[in-house]
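S.K.: 3D, please:
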Amino acid sequence: MSNESSTIVQRLWNYCNVLRDDGVSYGDYVEQLTYLLFLKMADEQTKPPFNKPSTIPAELDWKSLLSKDGDALEVHYRHILETLGKGKGMLGVIFRKSQNRIQDPAKLRRLIDLINDETWVGLDIDVKGEIYEGLLQKNAEDIKSGAGQYFTPRPFIKAVIEVIRPQPGNTICDVANGTGGFILGAHNYLSKNFSLDIEQKKFLRFNTFKGWEIVDNTARLCVMNLYLHGIGGEESPIIVGDALASHPGEHFDIVVTNPPFGKKSSYTIVNGEGKADKETQTYERQDFWATTSNKQLNFLQHVKTVLNINGKAGIVVPDNVLFEGGAGETVRRKLLQECDVHTILRLPTGVFYAQGVKANILFFDRKPASEKPWTEKLWIYDLRTNQHFTLKTNTLKYDDLVDFIKCFNSENRFERKETKRFRGFTYNELMQRDKVSLDIFWLKDDSLEDSANLPDPDVIAKDIAENLEDALEQFRSIQEDLGKV
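M.R.: Numbering: from 1, shown residues only. Just a heads-up that it's a prediction; the model follows:
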């Protein structure tokens, strides 16, 4: 991040510490910044050299906020949020169901002044984007907020995009886009690696990307993020809703996604006695290979259905998707048969803000109907064994993924070479494994054989906590199932 960006991020973030005394969380703070930044930039665009007509009525614009103080400011701000939330397009998504979380008018006035001190449109796209990304990352780092599950570490995103190699004119989708990291990663790759002509630039901005996000607050942060990076126009490229509910009726050249962690889809119901209960949610879709309440298996099936023929996918999946029986085995068999499942990157622990997750990135290409299985050889890169990362003291960096990118060999992945961490397994070898498990590892864990190589105590404690959390989740799942018998 540039010095200019980090200075502004720090200045804005420091003010959050003042608001926390009033019970305003990091997440609420970033949300309020989103509303106010949008109003400020919309106002700047009405001035020279832009001179654009405002999409926001005069009585609800930035100037109307600057002219008020005290209780009148707080009342007017609430009125702005409520009214704009009924709008359409990007405006409607950003302000949908918006509420004022800053109850002290003096502190709201101070935040407005902080934003008013910057000329946001005057900052170039990279700087604006960096500032907002910096705020989102700080929000994700606050474990209590739970926002981490919507923020994919950027080194992963960069590596995934680099091996998939999107091309100008491709359509790119994220079916669970969180704060928009994969879309931004692809946009950055296309902008910096190709000399785009006017039509290509127009397509990149308005027609390349499509995303789904089920959580209103997260969708709002994402749309603002895209807006700051120059993606989208009047209409929002992000749809607020459940991507799994039905097929969208369109297909994409590339799908890159990190669906939310957690095995089961469920929703809360309240019975006649006022008691809340959780109902397991399954998706009865004719285009799915298996009906299951396993959210991750459903996302994997959904990704396959929305890909164009010969389209490419990169999806983050937890370990259970690789070995679970029943519907899991059905999905794996079908995926290996109907798609070219060519690569798995086994991820280390301690790299996601959501705790207790052992995850992988699964890469596959959708193929036309064929009697012969499309998967010939699955290559697995083990970045997990004997690797110890943390979110603070030893964070995973892009350099840690360079060897994987080299082994992937995007230029010709049919000429790959085995290394210590990279191995290939034929279709027949996979079929002979119990339940067609793709949970394959071959490296020895040094810490099991040599006590001198044990990781730091905090890493061991974290691993134990993650394993316990995973076990608890499985027990809860069993308990839920037993309760329905």
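S.K.: Run through the helices of the stretch 251-400 of the chain in chain order.
M.R.: 295-306, 320-323, 327-338 (DSSP state H, counting those that start in this stretch).
S.K.: Output the first one as PDB, restricted to C-alpha atoms.
M.R.: I take that to be helix 295-306. Written as PDB, here are the backbone C-alpha positions of helix 295-306 (Å, rounded to 0.1, in the frame of the first residue of the first chain):
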ATOM      1  CA  LYS A 295     -23.500 -26.000   1.600                       C
ATOM      2  CA  GLN A 296     -20.000 -26.600   0.200                       C
ATOM      3  CA  LEU A 297     -21.100 -29.400  -2.100                       C
ATOM      4  CA  ASN A 298     -24.000 -27.300  -3.300                       C
ATOM      5  CA  PHE A 299     -21.700 -24.400  -4.200                       C
ATOM      6  CA  LEU A 300     -19.400 -26.800  -6.000                       C
ATOM      7  CA  GLN A 301     -22.300 -28.200  -8.000                       C
ATOM      8  CA  HIS A 302     -23.600 -24.700  -8.700                       C
ATOM      9  CA  VAL A 303     -20.300 -23.500 -10.000                       C
ATOM     10  CA  LYS A 304     -20.200 -26.300 -12.500                       C
ATOM     11  CA  THR A 305     -23.700 -25.500 -13.700                       C
ATOM     12  CA  VAL A 306     -23.000 -21.800 -14.400                       C
END
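S.K.: So which elements touch that helix?
M.R.: strand 252-257, strand 307-318, helix 320-323, helix 327-338, strand 359-366 (3 or more CB pairs under 8 Å, 6 or more residues apart in numbering; DSSP states H and E). To be clear about C-beta, it is placed using only N, CA and C from the backbone, and glycine gets the same treatment.
S.K.: would you list the ones you listed in a markdown table and tack on mean neighbour count, distance to residue 413 and mean pLDDT?
M.R.: Below are the helices and strands packed on helix 295-306 laid out as a markdown table (neighbours: other CB atoms under 10 Å; distance: least, CB to CB, whole Å; pLDDT from 0 to 100):
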| stretch | mean neighbour count | distance to residue 413 | mean pLDDT |
| --- | --- | --- | --- |
| strand 252-257 | 24 | 16 | 98 |
| strand 307-318 | 20 | 11 | 97 |
| helix 320-323 | 20 | 20 | 95 |
| helix 327-338 | 20 | 17 | 97 |
| strand 359-366 | 22 | 9 | 96 |
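S.K.: Could I get the ones you listed in CSV, plus columns for distance to residue 298?
M.R.: Shown next, in CSV, are the helices and strands packed on helix 295-306 (distance: least, CB to CB, whole Å):
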stretch, distance to residue 298
strand 252-257, 12
strand 307-318, 11
helix 320-323, 10
helix 327-338, 9
strand 359-366, 14
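S.K.: Make JSON lines from the helices of the stretch 251-400 of the chain and add distance to residue 229 to it.
M.R.: Below are these laid out as JSON lines (distance: least, CB to CB, whole Å):
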{"stretch": "helix 295-306", "distance to residue 229": "23"}
{"stretch": "helix 320-323", "distance to residue 229": "31"}
{"stretch": "helix 327-338", "distance to residue 229": "33"}
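S.K.: For residue 51, find the nearest of those.
M.R.: Nearest to residue 51 among the helices of the stretch 251-400 of the chain is helix 295-306; the distance by CB to CB comes to 40.2 Å.
S.K.: ok and that closest one relative to strand 252-257, angle-wise?
M.R.: Here helix 295-306 runs at an angle of 170 degrees relative to strand 252-257 (axes from the mean of the first three to the mean of the last three CA atoms, to 10 degrees).
S.K.: Just the angle for helix 295-306 relative to strand 307-318, thanks.
M.R.: 160 degrees.
S.K.: how about helix 295-306: buried residues?
M.R.: 295-306 (16 or more other CB atoms under 10 Å).
S.K.: for stretch 400-415, same thing?
M.R.: Applying 16+ other CB under 10 Å to stretch 400-415 flags 400-401, 404-405, 407-409, 413 as buried.
S.K.: Over to stretch 51-62?
M.R.: 55-56, 60-62.
S.K.: Show me how far it is from its chain's centre.
M.R.: Relative to its parent chain, stretch 51-62 has a centroid offset of 32 Å by CA atoms, centre = their mean, to the nearest Å.
S.K.: Take that stretch, keep the C-alpha atoms, and write them as PDB.
M.R.: Extracted in PDB, the C-alpha atoms of stretch 51-62 (Å, rounded to 0.1, in the frame of the first residue of the first chain):
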ATOM      1  CA  ASN A  51     -19.700  18.300 -14.400                       C
ATOM      2  CA  LYS A  52     -21.900  15.100 -14.200                       C
ATOM      3  CA  PRO A  53     -25.600  15.500 -13.300                       C
ATOM      4  CA  SER A  54     -26.100  14.200  -9.800                       C
ATOM      5  CA  THR A  55     -27.900  10.900  -9.300                       C
ATOM      6  CA  ILE A  56     -28.800  12.000  -5.800                       C
ATOM      7  CA  PRO A  57     -31.600  14.600  -5.200                       C
ATOM      8  CA  ALA A  58     -30.400  18.000  -3.900                       C
ATOM      9  CA  GLU A  59     -32.200  17.600  -0.600                       C
ATOM     10  CA  LEU A  60     -30.400  14.300   0.100                       C
ATOM     11  CA  ASP A  61     -26.900  15.100  -1.100                       C
ATOM     12  CA  TRP A  62     -23.600  15.800   0.600                       C
END
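S.K.: Let me know the average pLDDT across it.
M.R.: The pLDDT scores in stretch 51-62 average 87.
S.K.: what sits up against it?
M.R.: 39-40, 42-43, 45-46, 64, 79-80, 83-84, 91, 116, 234 (CB atoms under 8 Å, 6 or more residues apart in numbering).
S.K.: Equivalent analysis for stretch 431-451, please.
M.R.: Outside stretch 431-451, the residues that touch it by CB under 8 Å, 6+ apart are 319, 322-325, 328-329, 332-333, 336, 344, 346, 378, 380, 382, 384-386, 420-421, 423, 425, 430, 453-455.
S.K.: Are any of the residues you listed buried, and if so which?
M.R.: Using 16+ other CB under 10 Å, the buried members of the contacts of stretch 431-451 are 319, 322-324, 328-329, 332-333, 336, 344, 346, 378, 380, 382, 384-385, 421, 423, 425, 430, 455.
S.K.: Domain parsing of this protein, as residue ranges.
M.R.: Domain assignment for the chain, taken from automatic domain parsing, gives 3-134, 144-446.
S.K.: any idea how far stretch 220-232 is from the chain center?
M.R.: 14 Å.
S.K.: Alpha carbons of that stretch, in PDB - could you do that?
M.R.: Coordinates of the C-alpha atoms in stretch 220-232 are reproduced here as PDB (Å, rounded to 0.1, in the frame of the first residue of the first chain):
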ATOM      1  CA  ARG A 220     -23.000  -3.000   0.200                       C
ATOM      2  CA  LEU A 221     -19.200  -3.100   1.100                       C
ATOM      3  CA  CYS A 222     -18.500  -5.000  -2.100                       C
ATOM      4  CA  VAL A 223     -20.500  -2.700  -4.400                       C
ATOM      5  CA  MET A 224     -18.700   0.300  -2.900                       C
ATOM      6  CA  ASN A 225     -15.400  -1.500  -3.400                       C
ATOM      7  CA  LEU A 226     -16.200  -2.100  -7.100                       C
ATOM      8  CA  TYR A 227     -17.400   1.500  -7.500                       C
ATOM      9  CA  LEU A 228     -14.100   2.800  -6.100                       C
ATOM     10  CA  HIS A 229     -12.200   0.600  -8.600                       C
ATOM     11  CA  GLY A 230     -14.100   1.900 -11.600                       C
ATOM     12  CA  ILE A 231     -16.300  -1.300 -12.100                       C
ATOM     13  CA  GLY A 232     -20.000  -1.100 -12.900                       C
END
